[in-house]
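S.K.: return a 3D structure for these sequence lines:
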Amino acid sequence: MKGSHKGTLKIFTGCMWSGKSDRLILDAEEAKKDGLRIAAFKPAHDTRSGPFIQSRTGRSMPAIVAERASEIAVRPMHGIDIVYLDEVQFYDEDLVSTVLTLLNDLRVNVVASGLDTCFAGRPFRYVPHLLALADEVVKLHARCARCHSQATRSQLLVAPPPSDCLVDPELVGGAGKYEARCRDCHTAPPPA
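M.R.: Numbering: from 1, shown residues only. Reported below is the predicted structural model:
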């Protein structure tokens, strides 16, 4: 709860198709039922659902689209109890400092969702820093598209870009570009 205490950070993470956004939306729905006031944000880089956080199950919730992470902490937060951040892997280098400002200075709780590894199977940009700072991490899994075991990786199905974990608008997507795979079935491109 907001007040004299610093906020807490909870993160839903895992590979594509693991239900991260769905869990984020469900958490927000529960918070609203409990009478808490929320604000939700998504990165402008994710253009798949306009100003909404959308899960693959069809759940959605309105969200403010932010070009840069720093735009989030400067928004009016008076009366807000929880800030929800979807697709955090797409935010820029200000992500960690923005989350720390929300937690420590503005004293709001933060619930975030995002990929922990990129298509190359390596830590995805600034997400590992958030995971290290989190009070709670919920690691979600999908089903491997090849062998149907527990999937922990996002397999890129199109030609890889020249660098690992590049945030390329052309590579944002789902079916046809990626599939969930287990460690054994995942094929990582050679390091750039």
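
S.K.: longest helix anywhere in the protein?
M.R.: Ranked by residue count and defined by DSSP state H, the top helix of the chain is helix 20-33.

S.K.: what angle separates the helix or strand following it from helix 20-33?
M.R.: Of the helices and strands lying after helix 20-33 in sequence (DSSP states H and E), the nearest is strand 38-43. For strand 38-43 against helix 20-33, the angle by axes from the mean of the first three to the mean of the last three C-alpha atoms, to 10 degrees is 160 degrees.

S.K.: and strand 38-43, what does it pack against?
M.R.: Packing partners of strand 38-43 (3 or more C-beta pairs under 8 Å, 6 or more residues apart in numbering; DSSP states H and E): helix 20-33, strand 52-54, strand 64-66, strand 82-85. (Each C-beta comes from the backbone N, C-alpha and C, glycine too.)

S.K.: if we use 6 Å, what do you get?
M.R.: Helices and strands touching strand 38-43, by 3 or more C-beta pairs under 6 Å, 6 or more residues apart in numbering; DSSP states H and E, are strand 64-66, strand 82-85.

S.K.: out of the ones you listed, which comes closest to residue 189?
M.R.: Among the helices and strands packed on strand 38-43, strand 82-85 comes nearest to residue 189, with 28.2 Å by C-beta to C-beta.

S.K.: this completes my enquiry, with thanks.
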